[in-house]
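*Asks:* Would you be able to build a 3D model of this:
(chains A and B)
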Amino acid sequence: KNQVEQSPQSLIILEGKNCTLQCNYTVSPFSNLRWYKQDTGRGPVSLTIMTFSENTKSNGRYTATLDADTKQSSLHITASQLSDSASYICVVSARRDYKLSFGAGTTVTVRA
Amino acid sequence: IAGITQAPTSQILAAGRRMTLRCTQDMRHNAMYWYRQDLGLGLRLIHYSNTAGTTGKGEVPDGYSVSRANTDDFPLTLASAVPSQTSVYFCASSPSGTSGTPLRNEQFFGPGTRLTVL
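*Replies:* Okay, the predicted model is just below:
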């Protein structure tokens, strides 16, 4: 069973609307959580990184939250743009070896 | 600044053939990684190298080998390709490997190689 589960698998939103993506993890002991954006045909690019003591981190219109007690994270996209169409991947690192566990990603499609 | 480059961009390969995927980074990062990405699955680590001259096995190493003769290059070799190795392969690098702060562990990814084994 994957240690990082993301939902929904995919979603379609209209340009200008907001959306929230979810990530639940079981990785322990926890070191940090990253959200990556992967455009079609490209490699993943980091959006945010949060450690245990951080519960929110913003990068422009992207805001990530972390609840280390419940082992949940969310990525909120505000005022979506067509360029936000991509796969968003949640990645969790364990403290003992820093190896990364990847979620399968949420595919976001923004339509005009 | 190129960052990480991978070659080829895509390749169709007959089963049983040998293939080397190339990866080069110009960021002087110590650690490098190879992942495969399959539909519906998260990226899975094949092999990694924390520093030049050392390599380690990841989650799915069977059928693959790597070498790290210098800091910049980290080639991935399929000795005898099989159809189950059809995938998109990503190379990544980070300033440090299994030690260091989270920011130094942040991985930067190449553009990927799409490999089809028939």
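
*Asks:* residues from chain A in reach of chain B?
*Replies:* By Cβ under 8 Å from any Cβ of the partner chain, the residues of chain A that approach chain B are A:2, A:4, A:31-32, A:34, A:41-46, A:49, A:51, A:89, A:93, A:97-105. Where you see a C-beta, it was placed from the backbone N, CA and C, and this is true even at glycine.

*Asks:* and these, which are buried?
*Replies:* A:4, A:31-32, A:34, A:43-44, A:46, A:49, A:51, A:89, A:93, A:98-105 (16 or more other Cβ atoms under 10 Å in any protein chain shown).

*Asks:* Show me the strands in the chain, by range?
*Replies:* No chain was given, so I picked chain A. Here chain A has its strands, by DSSP state E, at A:4-7, A:10-14, A:19-25, A:30-38, A:45-51, A:56-59, A:62-67, A:72-77, A:86-94, A:100-102, A:106-111.

*Asks:* Can you look at chain B instead?
*Replies:* According to DSSP E, the strands that chain B contains are B:4-7, B:10-13, B:19-25, B:31-37, B:44-49, B:56-57, B:64-66, B:76-78, B:87-94, B:108-109, B:113-117.

*Asks:* Now do the contacts for residue 20.
*Replies:* This is for chain A. With contact taken as Cβ atoms under 8 Å, 6 or more residues apart in numbering or on different chains, A:Thr20 is in contact with A:Ser74, A:Leu75, A:His76, A:Ile77.

*Asks:* Correction: the question concerned chain B.
*Replies:* Residues near B:Thr20 by Cβ under 8 Å, 6+ apart: B:Pro75, B:Leu76, B:Thr77, B:Leu78.

*Asks:* Derive a ChimeraX selection command for the buried subset of these.
*Replies:* Buried residues within those, by 16+ other Cβ under 10 Å, are selected in ChimeraX with:
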select /B:75,76,78
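
*Asks:* Of the contacts of B:Thr20, just say which sits nearest to B:Ser94.
*Replies:* Of all the contacts of B:Thr20, B:Ser94 sits closest to B:Leu76, with 16.9 Å by Cβ to Cβ.

*Asks:* Could you dump the contacts of B:Thr20 into a markdown table with pLDDT added?
*Replies:* Below are the contacts of B:Thr20 laid out as a markdown table (pLDDT from 0 to 100):
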| residue | pLDDT |
| --- | --- |
| B:Pro75 | 98 |
| B:Leu76 | 98 |
| B:Thr77 | 98 |
| B:Leu78 | 97 |
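
*Asks:* Please produce a markdown table containing the contacts of B:Thr20, extended by distance to A:Gln22.
*Replies:* Formatted as a markdown table, the contacts of B:Thr20 follow (distance: Cβ to Cβ, whole Å):
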| residue | distance to A:Gln22 |
| --- | --- |
| B:Pro75 | 37 |
| B:Leu76 | 33 |
| B:Thr77 | 38 |
| B:Leu78 | 36 |
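
*Asks:* now, among the contacts of B:Thr20, which is nearest to chain A?
*Replies:* B:Leu76 (14.8 Å; Cβ to the nearest Cβ).
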